[in-house]
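Visitor: predicted model, plus sequence, below.
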Amino acid sequence: MLVHIPSPLRSYTNGASKVEAEGTSVDEMLDHLDKQFPGIKFRMIDEQSRMRQHIRIFVNKDTVETVKAPLKSADEVRIICALSGG
Amino acid sequence: MAKPQGNHVQLLIGTRKGAFTLTSDPVRSTWKLEGPLYLGHIVYHYMVDPRDASSQIMAMKAGHLGPTVFFSKDGGKTWKESSKPPQFPKAVTHENGKPDPDKNIAEMDADKSGETGKEGGADGKKDGSAVSVVFWLSPGHETQPGVWYAGSAPPGMFITTDGGDTWTPVEGFNKYCQDTDGLHGEGETPGGQLTHSILIDPRDPNHMYVSISVGGTFESHDAGATWKPLNKGVEAEWLPDPEAEHGHDPHFVVMHPADPDRLYQQNHCGIYRMDRKDGKWIRVGNNMPKEIGDIGFPIVTHPHDVNRAWVFPMDGTTVWPRTSPGGRPAVYETTDAGESWHRHDLGLPTEHGYFTVKRQAMCADAQLPMGLYFGTTGGEIWGSLDEGKSFDCIVRHLPEIYSITATLV
């Protein structure tokens, strides 16, 4: 599936704004991303599997609340660094 | 491995927007600023390994992203991110208190079931903590190359034995914090509840001190397995029990390099000294001028003279402005272990100088005479080449300065 990478995380993807990843859940997709780009997952997801405060993940047009959210291969994922003011 | 050496003093500067280096000529009359490294990242602490000049380490995070550590093995030319940054263990959520690989604390948060295991909590705190900030870095003992300790917010302590690549929790300390009321909170760093001043006894790698802002100072004799509070004599106006064992607010604690049994502390409630055999802190800040007070964040000791130390007082009256009292910044020096203090403000602004200096943003070099440096939240670095008697502004217009450490190149 196609995954959109926000600019703060592109240092991990060699500048790429879109990458391919696999998985049947958001967690699996992030694990696959982390195998390709080591360290990227921990900047978004803490050690208790919670999304960090300013990270949002959209599957197609819907935001997901948990990394357990299911994914299909045709889904498009957008990782967003949420605006927090300032 | 070679220890840092050379005749150029170099300041490693962590700021709210990246890291910089400032390198002097051999007589420290001119300085060259280089950087930024990791522009836009919050660099809480940036250090060179005192055991190995080629090793550097940096604790950072970005506004939107989680905390991490970067390290260099070639003197800062290239950097690598920790493959396993400091992080707490995954929460235990199974009803019998054992880890359940199919559940985690996030799920408990999501379903709001309220049914938790023995240790895991749906509130996401008890054993469910996540490192928010890697705030502090300390090198391990001289005999333990590659060992570093990290302090975090919420309060936690972590160790690496490979120079910063992989980190594991110091379980004894983290469990002590989890099991002790009031030691596992969190606040907005660098002013909230966090671990700092990790001090390793140069005579014994198993003997260490650690401090927590809004927590107190703690001591271990078994490499961090067990801890005891070391706060006797420290005032804490918000604690109804004057003999409370913890809950105090050390801002910065230092072990004197010439005598590891001499400790100094800049606390939310004053300046203290302890000779370890006495086991009690003495508020030597009471000897400061009353109109200045003894509130501040950093405290710096002389590299050789156990009785000399410098502080940077800030206004701790009314609503706690935390700026130079009266808008007239000054460093205060003691030459008699805090029994008396002397004002030094030559070269500093004489009016409307509302400086704030954070706890890691003041340091000394090891030259003769000693150089003393401090960085402000306004992005200025001031230096003294006469052991704190007079100051010049070395650099202006940097981002908010979080930390300065001195080394040689």
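Guide: Cool, got the structure.
Visitor: please count neighbours and contacts with C-alpha atoms only from this point.
Guide: Will do.
Visitor: now B:G233: closest residue in space that isn't a chain neighbour?
Guide: B:W281 (4.7 Å; C-alpha to C-alpha, 6 or more residues apart in numbering or on different chains).
Visitor: sorry, wrong one. I was asking about B:G185.
Guide: Spatial nearest neighbour of B:G185, chain neighbours left out: B:P154 (5.9 Å); criterion: C-alpha to C-alpha, 6+ apart.
Visitor: ok, now how distant is the one you found from chain A?
Guide: Applying C-alpha to the nearest C-alpha, to the nearest Å, the value for B:P154 to chain A is 13 Å.
Visitor: which ones are touching that residue?
Guide: B:129-133, B:184-187, B:193-195 (C-alpha atoms under 8 Å, 6 or more residues apart in numbering or on different chains).
Visitor: tell me the pLDDT of it.
Guide: With respect to pLDDT, B:P154 scores 93.
Visitor: likewise B:D100?
Guide: 54.
Visitor: what's the answer for B:H184, then?
Guide: 74.
Visitor: repeat for B:F20
Guide: The model's pLDDT for B:F20 equals 98.
Visitor: that one contacts B:K32, correct?
Guide: No: between B:F20 and B:K32 there is no contact under C-alpha atoms under 8 Å: 10.3 Å.
Visitor: between the two, which one's more packed in?
Guide: Higher neighbour count among B:F20 and B:K32: B:F20, with 22 against 12, using other C-alpha atoms under 10 Å in any protein chain shown.
Visitor: picking that back up, quick one: which of the contacts of B:P154 sit in strands?
Guide: Judged by DSSP state E, the subset of the contacts of B:P154 located in strands is B:133, B:195.
Visitor: just the buried ones from the contacts of B:P154?
Guide: Burial by neighbour count, 16 or more other C-alpha atoms under 10 Å in any protein chain shown: within the contacts of B:P154 this picks out B:129-133, B:184-186, B:193-195.
Visitor: so which one among the residues you listed has the lowest pLDDT?
Guide: Ranked by pLDDT, the buried ones among the contacts of B:P154 bottom out at B:E186 (67).
Visitor: who touches B:N7 in this structure?
Guide: B:25-26, B:408-409 are the contacts of B:N7 under C-alpha under 8 Å, 6+ apart.
Visitor: could you pull out the helices for the chain?
Guide: By default, I'm working from chain A. A:26-36, A:40-44 (DSSP state H).
Visitor: to clarify, I was referring to chain B.
Guide: B:105-111, B:171-179.
Visitor: the ones you listed: lowest mean pLDDT?
Guide: Of all the helices of chain B, helix B:105-111 carries the lowest average pLDDT, namely a mean of 48.
Visitor: re earlier: of the contacts of B:P154, which is the nearest to chain A?
Guide: Nearest to chain A among these: B:A130, at 5.9 Å, using C-alpha to the nearest C-alpha.
Visitor: doesn't A:I45 make contact with that closest one?
Guide: No: using C-alpha under 8 Å, B:A130 is not in contact with A:I45; the gap is 9.8 Å.
Visitor: is it true that the residue nearest to B:G233 touches B:G270?
Guide: No: B:W281 sits out of contact with B:G270 when judged by C-alpha under 8 Å, with a separation of 10.8 Å.
Visitor: these two: which is more packed in?
Guide: More neighbours surround B:G270 than the other of B:W281 and B:G270, with 26 against 21 (other C-alpha under 10 Å).
Visitor: hmm, the more buried one is touching B:F297, no?
Guide: No: the pair B:G270 / B:F297 is not scored as a contact, 9.7 Å apart, by C-alpha under 8 Å.
Visitor: any residues in contact with both of the two?
Guide: Here B:G270 and B:F297 have no joint contacts, going by C-alpha under 8 Å, 6+ apart.
Visitor: show the average pLDDT along stretch A:57-67.
Guide: Confidence for stretch A:57-67, expressed as mean pLDDT, is 95.
Visitor: quick check, that stretch touching chain B?
Guide: Yes: on the criterion C-alpha under 8 Å from any C-alpha of the partner chain, stretch A:57-67 is in touch with chain B at A:65-66.
Visitor: ok, residues contacting that stretch?
Guide: Outside stretch A:57-67, the residues that touch it by C-alpha under 8 Å, 6+ apart are A:25-27, A:49-51, A:56, A:71, A:75-80, B:106-107, B:110.
Visitor: equivalent analysis for stretch B:368-382, please.
Guide: Against stretch B:368-382 from outside (C-alpha under 8 Å, 6+ apart): B:302, B:355-358, B:361-365, B:383-388, B:391-404.
Visitor: point out where chain B drops to low pLDDT.
Guide: B:93-127, B:186-191 (pLDDT under 70).
Visitor: for the residue of it found nearest chain A, give me its contacts.
Guide: For chain B, the residue closest to chain A is B:G66, as judged by C-alpha to the nearest C-alpha, at 4.2 Å. By C-alpha under 8 Å, 6+ apart, B:G66 lies in contact with A:42-46, A:52, B:132-133.
Visitor: just among these, which is most surrounded?
Guide: That'd be B:V133 among those, by other C-alpha under 10 Å, with 28 neighbours.
Visitor: against B:V214, how distant is the residue nearest to B:G185?
Guide: 11 Å (C-alpha to C-alpha, to the nearest Å).
Visitor: now do the shared contacts for those two.
Guide: By C-alpha under 8 Å, 6+ apart, B:P154 and B:V214 have these common neighbours: B:193-194.
Visitor: can you show me the strands along the stretch 301-409 of chain B?
Guide: B:309-311, B:331-334, B:342-344, B:362-364, B:372-375, B:381-384, B:392-395, B:401-408 (DSSP state E, counting those that start in this stretch).
Visitor: okay, and the beta partners of the spatially most central residue of chain B?
Guide: The residue lying closest to the centre of chain B (C-alpha atoms, centre = their mean) is B:H196, at 4.1 Å. Following DSSP bridges, B:H196 is listed with bridge partners B:S211.
Visitor: that one against B:F135, yeah?
Guide: Yes: contact between B:H196 and B:F135 holds when scored by C-alpha under 8 Å: they sit 7.2 Å apart.
Visitor: for chain A, what lies in contact range of chain B?
Guide: When proximity is defined by C-alpha under 8 Å from any C-alpha, chain A lies next to chain B at A:8, A:38-39, A:42-50, A:52-55, A:65-66, A:81-82.
Visitor: can you do 10 Å?
Guide: A:8-9, A:38-55, A:65-68, A:80-84 (C-alpha under 10 Å from any C-alpha of the partner chain).
Visitor: which among those residues end up buried?
Guide: A:8-9, A:38-53, A:55, A:66-67, A:80-81.
Visitor: name the nearest residue to B:D261, sequence neighbours excluded.
Guide: Nearest to B:D261 is B:R276, by C-alpha to C-alpha, 6+ apart, at 5.1 Å.
Visitor: try B:P50
Guide: B:K3 (5.8 Å).
Visitor: one more: A:G23?
Guide: Closest to A:G23 by C-alpha to C-alpha, 6+ apart is A:M29, at 4.4 Å.
Visitor: before we move on, what about B:D165?
Guide: Nearest to B:D165 is B:S82, by C-alpha to C-alpha, 6+ apart, at 4.2 Å.
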